[in-house]
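Chemist: Quick check, what structure comes out for this input:
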Amino acid sequence: MLLELAADNAAPVTCEAMATAQGIPYRFLKSIVQELRQAGLVVSQRGCEGGYWLARDADLITVADAIAAVDGDVLLVRNEPINELAYSGSARHLGSLWESVEQRLQGPLDTSIAQLCAGPVQHAESRPRRRARVAAAK
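Modeler: Numbering: from 1, shown residues only. Predicted coordinates for the structure are as follows:
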């Protein structure tokens with residue numbers, strides 16, 4: 001939805017137009033728009049010339065902003081934010097693992113709406129996955 005607004009910023013865009021363009025049910029899109037408006041990412045104008053547009057430049061709105069507006073924290077463990085987790089005993093280092101996962105997610109999520117409108121986004125390649133080798137019993 002933010003991409004639709006960024007692509008056509010000459011005039012407000014209606015929910016009907018965005019729903020049709022994206023193949024999203026109108027009622028679902030309307031609820032998302034409300035959450036984005038409450039988060040200050042979009043603004044609205046009522047009336048026959050009404051609709052929605054971005055509240056600020058598309059370069060200043062990230063995918064992380066949109067996720068936070070609609071879903072809250074990107075990464076929850078046991079339904080808790082990463083910075084509120086506490087482990088003890090042999091699991092005491094799990095918190096650092098979750099922090100690492102969150103940091104790796106943050107890079108791609110810091111992509112701006114303008115970058116997405118411009119074309120495919122390239123991010124640093126992640127390290128190849130290594131699989132642990134299990135020694136066969138003889």
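
Chemist: Residues in contact with the helix or strand hosting residue 32: which ones?
Modeler: Using DSSP states H and E, residue 32 maps to helix 26-38. With CB atoms under 8 Å, 6 or more residues apart in numbering as the test, helix 26-38 has contacts from 1-2, 15-16, 18-19, 22, 42-44, 52, 66, 69-70. Placement of C-beta: from N, CA and C, glycine included.

Chemist: redo that, cut-off 6 Å
Modeler: For helix 26-38, contacts defined as CB atoms under 6 Å, 6 or more residues apart in numbering pick out 15, 18-19, 42, 69-70.

Chemist: Return the subset of those residues lying in strands.
Modeler: residue 42 (DSSP state E).

Chemist: of the contacts of helix 26-38, buried ones?
Modeler: Those of those that meet the buried threshold are 15, 18-19, 42, 69, by 16 or more other CB atoms under 10 Å.

Chemist: pLDDT and distance to residue 94 for the residues you listed - can I get that in CSV?
Modeler: Listed next are those as CSV, based on pLDDT from 0 to 100; distance: CB to CB, whole Å:
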residue, pLDDT, distance to residue 94
15, 92, 43
18, 93, 41
19, 94, 42
42, 97, 38
69, 95, 29
